[in-house]
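Participant: let's see this in three dimensions:
(4 chains)
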2 protein chains.
Amino acid sequence: MGNDGSAHHRNGAHKRPRLEDVAARVGLSTASVSLVLRGVPGPSERTRQRVLKAAADLGYQVDRTASTLASRRSRLLGVMVDIHRPFHAELVEHLHTAAEKVGYDLVLSTQTRTRDEHTAVETLLAFRSEALILLGPTAPADTLATLDNKAPVIAVGRRISDAALDVVRTADDDGVGQLVDHLVGLGHREIVYVDGGKGVIATDRRRGYRTAMRRHGLDDHIRILHGDHTEAAGERAARKLLEGDSLPTAVLTYNDPSAIGVLAALARAGVAVPGEVSVAGYDDDALSRLSCFNLTTVSQNAEEQAQHAVTAAVERLDQDRTEPREVVLAPRLVVRGTTAAPA
Amino acid sequence: MGNDGSAHHRNGAHKRPRLEDVAARVGLSTASVSLVLRGVPGPSERTRQRVLKAAADLGYQVDRTASTLASRRSRLLGVMVDIHRPFHAELVEHLHTAAEKVGYDLVLSTQTRTRDEHTAVETLLAFRSEALILLGPTAPADTLATLDNKAPVIAVGRRISDAALDVVRTADDDGVGQLVDHLVGLGHREIVYVDGGKGVIATDRRRGYRTAMRRHGLDDHIRILHGDHTEAAGERAARKLLEGDSLPTAVLTYNDPSAIGVLAALARAGVAVPGEVSVAGYDDDALSRLSCFNLTTVSQNAEEQAQHAVTAAVERLDQDRTEPREVVLAPRLVVRGTTAAPA
DNA sequence: ATGACAAATTAAAGCGCTTTAAGTCCTGGT
DNA sequence: ACCAGGACTTAAAGCGCTTTAATTTGTCAT
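Facilitator: Numbers count the residues shown, from 1 in each chain, chains lettered A, B, ... in the order given. Model prediction:
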């Protein structure tokens, strides 16, 4: 059974039903059917019911391309993501619900190792995205500004200086500051920071560390180790620490993978965490939640960022806001098992 | 500087240029411009150059919606992913390059906790995807078969019985078999398997374990512990093992997170890996590559799967293949540091 | 010059929908 | 009866492109 009538796509057997087919079925014009299907007031209740039924019977589904063309609106928000980043996955999830609430749809385009930001964005524009939500864009500010002329750009997760763009991000310096506060509150003074290299975000986090240490009068304890965004960097930094005379009582890192690296190196050297040394990361990766790490970290609140990004887009599109706006959210400290009072 | 001329989207300042604008600029018809821009032979070389230049000057970019409508082809492959799964990210990356090579574009739609497969697929259809590449679909076979009537469906990563669908997957049973072979080759006999619960994939892997054990005459050593796809399941299983009289010499798990759970529980109990017990996972997650785990596992070869999926789609669309085809690839054993000869 | 034929170009008809202006049909008041 | 006005419905003009058939232009042999 079940081998008849399937896989006949090619032979023009049945193309997808059009508005006209539905209209013919109920003996009305396509205009009426369109009205009903879009929920526009006008058609009588009886007509509504008949059209809805006919559409359902035929399995009618509106053709986005046609309706976009006709209405001159796609009601589409283009989202550029890096599909390899778990945090982006979370953002996308919330972007979907936020967008749906205001009647927009999302079209995703990802950058990868072999597909750059530019390509990803072009794709979004080719789909007639009305606004562009860029997650963690790395393009220079003026490139983004140019892009903004084609469609409102909302940059998420990164500070952009000197560009009249909408930006939604968390205060990275504040996040690291919260970590420092947390550790100092526990009694730590020798708190080392493993850096994240160049890049706006790394810069902000580094500054956050410096500022917070100074605020606590720990200027003399400021110590920054070279690093990047990888686990390997964390390991290297930890080994460097282990070579020294005495260990600090706490290590902060640029991000979670780096913290995992620190954790691994310390474990290998038999250093107890958090017994002898406290460790904390940043980003609240899925990684950090693994019970074997149970890493204290900082969460960026994806939901809130997504919500603000969509709101920003809608304000641009439907409420003709024209002034750029920067939304800076406070990150949230997530205390888990790798931080404790010093011995 | 730089505040004039930006953010004027709203005031109808300059809409995106149309074919007609380019045509007007070079004094030709839109037909010619269209021909040139699509690389269709016909226009003279001189015309070609002039059109190309004009298009570049105006920053013209074709409007996909219009051209899809007019040509009755979208040249779009709809890809349903679960954006939270790292492996899907890898697949998407390779799907992009594979699709580009054959002149297709990808449109992505993700399922999430709040957005089910059905919604994701409807979105793909609304964009007029010509074929649907579904990564790890969970819908029942007949649902997929129905869908296949609207557009060719290629299911990736999951076995589908009794449906005339294209399927691309790796042989899960073979993968686990390779792990068993590897361990037996090292001298192991007491090899336990931590199950992945219900689901086609879990079933296949379990069977692979059973079959391989029998093949090695280890029928009496077959032991399957209850589990699922989570780290927590691995931990529970390991604790159960630790409660027993004697530990097995090796533990295989349904997937990598579960193996990580096993690793964590063993570490906590002071059991050396791979000294006392060897452990292996499945999937070659980014997780398993972390140096602190360095987990022996099985890789699914994303690139090859992506390539086959795109090929399958193209065969359906452009070479009117109508017979369904199942491509079963051999997974690849990845030996890392958690497996060794038993003590 | 002239006609034949190839090369280059274009007019015009859609694609499947939305939208606006223009109907059509009732109802009820006068 | 007749008309105003409201409630529905629809004809028709696109949206920005592709594509086919037809037209124009150019080239050459006669």
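
Participant: DNA strand C contacts on the stretch 1-150 of chain A?
Facilitator: For the stretch 1-150 of chain A, the residues in contact with DNA strand C (C-beta under 7 Å from any atom of the strand) are A:15, A:18-20, A:30-31, A:34-35, A:37-38, A:60, A:62-63, A:66-67, A:69-73. C-betas here are computed from N, CA, C, even on glycine.

Participant: mind redoing it with 10 Å?
Facilitator: Proximity of the stretch 1-150 of chain A to DNA strand C is confined to A:15-23, A:29-38, A:40, A:42, A:55, A:60-73 under the rule C-beta under 10 Å from any atom of the strand.

Participant: what residues of stretch A:100-114 count as buried?
Facilitator: A:104-112 (16 or more other C-beta atoms under 10 Å in any protein chain shown).

Participant: so how far is the first residue of it from its last?
Facilitator: Across stretch A:100-114, the straight-line distance between its terminal residues is 31 Å, by C-alpha to C-alpha, to the nearest Å.

Participant: check stretch A:120-131 too.
Facilitator: End-to-end distance of stretch A:120-131 (C-alpha to C-alpha): 14 Å.

Participant: do that stretch and chain B meet at all?
Facilitator: Yes: using C-beta under 8 Å from any C-beta of the partner chain, stretch A:120-131 comes into contact with chain B via A:122-123, A:125-128.

Participant: also within reach of DNA strand D: list those from the residues you listed.
Facilitator: Counting by C-beta under 10 Å from any atom of the strand, the members of those that reach DNA strand D are A:126, A:128.

Participant: can you show me the strands along the stretch 101-250 of chain A?
Facilitator: Shown for the stretch 101-250 of chain A, the strands assigned by DSSP state E, counting those that start in this stretch span residues A:105-111, A:131-135, A:153-156, A:166-170, A:191-194, A:223-225, A:250-253.

Participant: give me the residues contacting the third one.
Facilitator: With contact meaning C-beta atoms under 8 Å, 6 or more residues apart in numbering or on different chains, strand A:153-156 is reached by A:91, A:131-137, A:144, A:147, A:165-169, A:305, A:309, A:312-313.

Participant: for the second one, same thing?
Facilitator: Taking contacts as C-beta under 8 Å, 6+ apart, the residues outside strand A:131-135 that touch it are A:77-82, A:85, A:88, A:91-92, A:95, A:117, A:121, A:124-125, A:144, A:147, A:151-157, A:309-310, A:313, A:316-317.

Participant: now it against strand A:105-111, angle please.
Facilitator: Using axes from the mean of the first three to the mean of the last three C-alpha atoms, to 10 degrees, one finds that strand A:131-135 and strand A:105-111 are set 40 degrees apart in direction.

Participant: is DNA strand D contacted by strand A:131-135?
Facilitator: No: looking at strand A:131-135 against DNA strand D by C-beta under 10 Å from any atom of the strand, there are no contacts, and the closest approach is 17.6 Å.

Participant: where's the closest residue to residue A:180 other than its chain neighbours relative to residue A:201, distance?
Facilitator: Setting aside the residues directly before and after it, residue A:180 is nearest to residue A:212 in space (C-beta to C-beta, 6 or more residues apart in numbering or on different chains), at 3.7 Å. Here the criterion is C-beta to C-beta, to the nearest Å. By it, residue A:212 lies 17 Å from residue A:201.

Participant: burial measure for residue A:326, as a count.
Facilitator: Neighbour count for residue A:326, taken as other C-beta atoms under 10 Å in any protein chain shown: 13.

Participant: now do the helices in chain A.
Facilitator: With DSSP state H applied, chain A shows helices at A:19-26, A:30-37, A:45-58, A:64-71, A:86-101, A:117-126, A:141-150, A:172-186, A:200-215, A:231-243, A:256-268, A:286-289, A:302-318, listed in chain order.

Participant: how far away is the residue nearest to residue A:180 from chain B?
Facilitator: Going from residue A:212 to chain B by C-beta to the nearest C-beta, to the nearest Å gives 28 Å.

Participant: return the list of helices and strands in contact with the helix or strand of chain A with the lowest mean pLDDT.
Facilitator: Across the helices and strands of chain A, mean confidence by mean pLDDT, DSSP states H and E is lowest for helix A:286-289: a mean of 87. Contacting helix A:286-289 under the criterion 3 or more C-beta pairs under 8 Å, 6 or more residues apart in numbering or on different chains; DSSP states H and E are the following elements: helix A:256-268.

Participant: list of residues touching the helix it packs on?
Facilitator: Counting by C-beta under 8 Å, 6+ apart, helix A:256-268 makes contact with A:194, A:196, A:227-239, A:242, A:251, A:253, A:273, A:277, A:279-285, A:287-288, A:293, A:295, A:297, A:338, B:290-292, all of which sit outside it.

Participant: now do 6 Å
Facilitator: A:194, A:227, A:230-231, A:233-235, A:238-239, A:251, A:253, A:273, A:279, A:281, A:283, A:285, A:287-288, A:295, A:297, B:292 (C-beta atoms under 6 Å, 6 or more residues apart in numbering or on different chains).

Participant: just the buried ones among these, please.
Facilitator: Burial of the contacts of helix A:256-268 was assessed by neighbour count (16+ other C-beta under 10 Å); the buried members are A:194, A:227, A:230-231, A:233-235, A:238, A:251, A:253, A:273, A:279, A:281, A:283, A:285, A:287-288, A:295, A:297, B:292.

Participant: how about the residues of chain A by DNA strand D?
Facilitator: Checking chain A against DNA strand D by C-beta under 10 Å from any atom of the strand, the hits are A:19, A:23, A:26-36, A:40-48, A:50-51, A:65-72, A:126, A:128.

Participant: let's see it at 7 Å
Facilitator: The interface of chain A toward DNA strand D, taken as C-beta under 7 Å from any atom of the strand, is made up of A:27-32, A:35, A:42-47, A:66, A:69-70, A:72.

Participant: residue A:127 reaches residue A:107, doesn't it?
Facilitator: Yes: using C-beta atoms under 6 Å, residue A:127 is in contact with residue A:107, at 4.9 Å.

Participant: closest to DNA strand C among the buried residues of stretch A:100-114?
Facilitator: Proximity to DNA strand C was ranked across the buried residues of stretch A:100-114 by C-beta to the nearest atom of the strand; first place goes to residue A:105, at 13.3 Å.

Participant: tell me what the closest one is bridged to.
Facilitator: Residue A:105 has these beta-bridge partners by DSSP bridges: residue A:76.

Participant: ok, now how distant is it from residue B:325?
Facilitator: 33 Å.

Participant: check residue A:117 too.
Facilitator: Computed as C-beta to C-beta, the residue A:117 to residue B:325 distance reads 36 Å.

Participant: same thing with residue A:147?
Facilitator: From residue A:147 across to residue B:325, the span is 42 Å (C-beta to C-beta).

Participant: kind regards, and thank you for your time.
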